[in-house]
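fold the following and give me the result.
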Amino acid sequence: MMKLPEFCVKYGVSRSAVYREISASRLRVTHIGRSVRIKVEDAEAWAASLPTKGGEAAND
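Alright, predicted model coming up:
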């Protein structure tokens, strides 16, 4: 699992953008107390679902 700041750095997104993705149910998270954690597999699934330059989501 990674902490929110680690996710932001790794994927180059802002904290606000991450919370928008969470609110839209596009990114799954786990709450440990008040801390937000993201499973590596959920982060990778989110990244894979993003549109590519051609406008389509990557399908592996």
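
just the CA trace of the one helix or strand Ala17 maps to, in CSV.
For Ala17, the enclosing helix or strand under DSSP states H and E is helix 15-23. Once side chains and other backbone atoms are set aside, the C-alpha atoms of helix 15-23 remain, and they are given as CSV (Å, rounded to 0.1, in the frame of the first residue of the first chain):
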residue,chain,number,x,y,z
ARG,A,15,-4.0,15.8,-4.0
SER,A,16,-7.3,17.5,-5.2
ALA,A,17,-7.3,15.4,-8.4
VAL,A,18,-6.9,12.2,-6.3
TYR,A,19,-9.9,13.1,-4.2
ARG,A,20,-11.9,13.8,-7.3
GLU,A,21,-11.0,10.4,-8.6
ILE,A,22,-12.0,8.8,-5.3
SER,A,23,-15.3,10.7,-5.3
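
list the contacts of the next helix or strand after that helix.
Along the chain past helix 15-23, the next helix or strand (assigned with DSSP H and E) turns out to be strand 30-32. The contact list for strand 30-32 (C-beta atoms under 8 Å, 6 or more residues apart in numbering) reads Met1, Val36, Arg37, Ile38, Lys39. All C-beta spots, glycine's among them, are computed from the backbone N, C-alpha and C.

and for Val29, the neighbour number?
Burial measure for Val29: 19 neighbouring residues, criterion other C-beta atoms under 10 Å.

residue contacts, it?
By C-beta under 8 Å, 6+ apart, the neighbours of Val29 are Ile22, Val36, Arg37, Ile38, Asp42.

export these to JSON lines and tack on neighbour count and secondary structure?
Formatted as JSON lines, these follow (neighbours: other C-beta atoms under 10 Å; DSSP: H, G, I helix; E, B strand; the rest coil):
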{"residue": "Ile22", "neighbour count": "16", "secondary structure": "helix"}
{"residue": "Val36", "neighbour count": "19", "secondary structure": "strand"}
{"residue": "Arg37", "neighbour count": "15", "secondary structure": "strand"}
{"residue": "Ile38", "neighbour count": "22", "secondary structure": "strand"}
{"residue": "Asp42", "neighbour count": "17", "secondary structure": "helix"}
